[in-house]
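In: From the sequence below, what's the structure:
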Amino acid sequence: MVSLRYYYLLGNNMLITGMLASGASIHMFTIKLITGRAKPDIVLRTSVNGWRDQPGQYRDGAWEFTFDQDQPMDFKFVATPDRWMLGNDLHIDPSPGQVQEYQGIQFQPARKTFIKSLTGPVLITWIIVLLAGTGLGFAFLLGARQNQRCPAIPKATSWRGAQLSGLPSTLQSSFGYARGTQIIESTITVTPRQAHPLPTRIAVTVEPLVTASGVQVITPSPTGGQTAGGGVSAVAYKLPSSQTYQLAVCIKAPDVTAGAYSSRLLFPGAKLASGTSLPVTVTFQSWLAPFALWVGVPLLGPLGLVYTTLVLIRRANHNLRLEQLPQQLRAELLSVNGLLALITSVGVAYATGVAQVSQNPTWGSPWTAVLPSLGTIVAAAATAATVPMSLSSKGNAAQPADPG
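Out: Modelled structure (predicted):
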């Protein structure tokens, strides 16, 4: 910049000529881009500075870029963050004091961010899956609901002197993710005392069903489950023309928490072949089980596929910028290998989900066990997609943007 200094001396007026500031240049020129009322963030990239950003100043409807050198150069305007102007490079062979104006410059369309690129068809598809899977989940819950009728509790409660045989080592039942009323049945042989006829029904004493932590309890029902609410009861009724009794344990659990519950059946006054009671174990799955299969799997399967594809794309082209990933990802997923990988990943995710959810009678208890289970489903889907997507990504690596 030119700097003029004036000094006044005593006596007659004398003018000392202006002096240039040290290192200043008189070979200045300006490039202006007229944008009018619009004020996009514009930088200039030139051949003399390695195509790096040259900031400017916005003034009176135009971006101004001032230079203090006069060598010829190629340049382009760039709308931040990385939208190059359309067309060939511009060229200028400047002269001192020149002001070169440009207007009507068009720029590349704004690229969608990676997050925004996941909207549109992908988001709509996932919403459809979410709604359909949720509907199926509720349908399976309603269809699996147990609605058996508990037998009435008789007044006869004495087993005094009776000999019991044929008892199982334990009574077990699994509600799965269903709730409602369910009966566990078994047969036992009863040998009465001499000259004492066997009653047709005998009540069985049942202790509360309790989880291992002792927090959740299903209490005995004195009415045999004939009233509202939950409860457990047991009764033995005689089969016709025999000494065999049908043992029925009725468990009414309309909204019990998931987990494993245990109890004991007692036969007061009776003699058992071994022990003094009959253990009972009942398991309940979380209500989330059908939703994990019908909502989680269709969402988690493609999620594992997308993760694998992104990793392989970046491995094939280390210079790929983040804003280029959505377009490349879309091309990979819509390829033949991409569709094959989608089918494979969802199939493996479903098989993994079935193995974890359906085969575990207490899945979802505690609820923190759900997270590793869902993570395993994603990992299985990602692993299954590795082979087809690795074949696709080898020949389709995106090329970096041309700075010129």
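In: what helix or strand is residue 32 on?
Out: Secondary structure assignment for residue 32, by DSSP states H and E: strand 29-34.
In: Mind listing the strands that strand pairs with, and their directions?
Out: strand 62-67 (antiparallel), strand 99-103 (parallel) (DSSP bridges).
In: Can you pull out the low-pLDDT segments for the chain?
Out: For the chain, the stretches with pLDDT under 70 are 1-27, 111-122, 156-157, 195, 223-228, 392-404.
In: redo that, cut-off 50
Out: 1-9, 13-24, 395-404 (pLDDT under 50).
In: measure the residue positioned nearest the centre of it to residue 337 for me?
Out: Centroid-nearest residue in the chain, with CA atoms, centre = their mean: residue 300, separated by 6.3 Å. As defined by CB to CB, to the nearest Å, residue 300 lies at a distance of 20 Å from residue 337. The way it works is simple: take the backbone N, C-alpha and C, and place the C-beta from them, glycine included.
In: cool, residue 219 as well?
Out: According to CB to CB, residue 219 and residue 337 sit 58 Å apart.
In: can you give me the strands for the stretch 51-200 of the chain?
Out: 53-54, 57-59, 62-67, 73-79, 83-84, 90-92, 99-103, 146-147, 163-165, 171-176, 180-191 (DSSP state E, counting those that start in this stretch).
In: could you redo the ones you listed as TSV and give each row distance to residue 324?
Out: TSV is the format used below for these (distance: least, CB to CB, whole Å):
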stretch	distance to residue 324
strand 53-54	19
strand 57-59	29
strand 62-67	27
strand 73-79	16
strand 83-84	13
strand 90-92	25
strand 99-103	28
strand 146-147	55
strand 163-165	76
strand 171-176	48
strand 180-191	55
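In: which stretch among those strands comes nearest residue 46?
Out: Closest of the strands of the stretch 51-200 of the chain to residue 46 is strand 73-79, at 4.2 Å (criterion: CB to CB).
In: Longest helix in the chain, by number of residues?
Out: helix 121-143 (DSSP state H).
In: what angle do it and strand 171-176 make?
Out: Counting by axes from the mean of the first three to the mean of the last three CA atoms, to 10 degrees, helix 121-143 lies at 140 degrees to strand 171-176.
In: contacts for helix 121-143?
Out: 177-178, 287, 290-291, 294-296, 298-299 (CB atoms under 8 Å, 6 or more residues apart in numbering).
In: make it 10 Å
Out: Residues outside helix 121-143 that contact it (CB atoms under 10 Å, 6 or more residues apart in numbering) are 118, 176-179, 287-299, 302-303, 306, 330, 333.
In: That helix: which residues count as buried?
Out: Buried residues in helix 121-143, counted by 16 or more other CB atoms under 10 Å: 129-130, 133, 137, 140-141.
In: now the helices for the protein?
Out: 114-117, 121-143, 289-291, 297-316, 325-333, 336-353, 370-384, 386-393.
In: Among those helices, show me which one is buried the most.
Out: helix 289-291 (a mean of 24; mean count of other CB atoms under 10 Å).
In: Which elements pack onto that helix?
Out: Where contact means 3 or more CB pairs under 10 Å, 6 or more residues apart in numbering; DSSP states H and E, helix 289-291 is packed against helix 121-143.
In: Centre of the chain to the helix it packs on, how far?
Out: 15 Å (CA atoms, centre = their mean, to the nearest Å).
In: what's the angle from it to helix 297-316?
Out: Using the same axes, to 10 degrees: helix 121-143 against helix 297-316 is 150 degrees.
In: and the strand holding residue 32, how far out from the chain's middle?
Out: 51 Å.
In: same check, this time on stretch 69-89
Out: 43 Å.
In: Just the endpoints, please. Distance across that stretch?
Out: Length of stretch 69-89, first residue to last, CA to CA, to the nearest Å: 19 Å.
In: Ok, stretch 50-58 next?
Out: Counting by CA to CA, you get 23 Å between the two ends of stretch 50-58.
In: do stretch 314-322 as well
Out: Per CA to CA, the first residue of stretch 314-322 is 10 Å away from its last.
In: Following the record's annotation, map out the domains of this protein.
Out: Domains of the chain are assigned by automatic domain parsing as 1-110, 114-139+289-393, 147-284.
In: Pull the contacting residues for residue 204.
Out: Residues in contact with residue 204 (CB under 10 Å, 6+ apart) are 153, 157, 159, 233-236, 245, 247-249, 265-268, 270, 278.
In: Is residue 44 in contact with residue 74, as I believe?
Out: No - the criterion here is CB atoms under 10 Å, and residue 44 misses it with residue 74 at 11.2 Å.
In: between those two, who's got more neighbours?
Out: Comparing residue 44 with residue 74 by other CB atoms under 10 Å, the one with more neighbours is residue 44, at 22 against 15.
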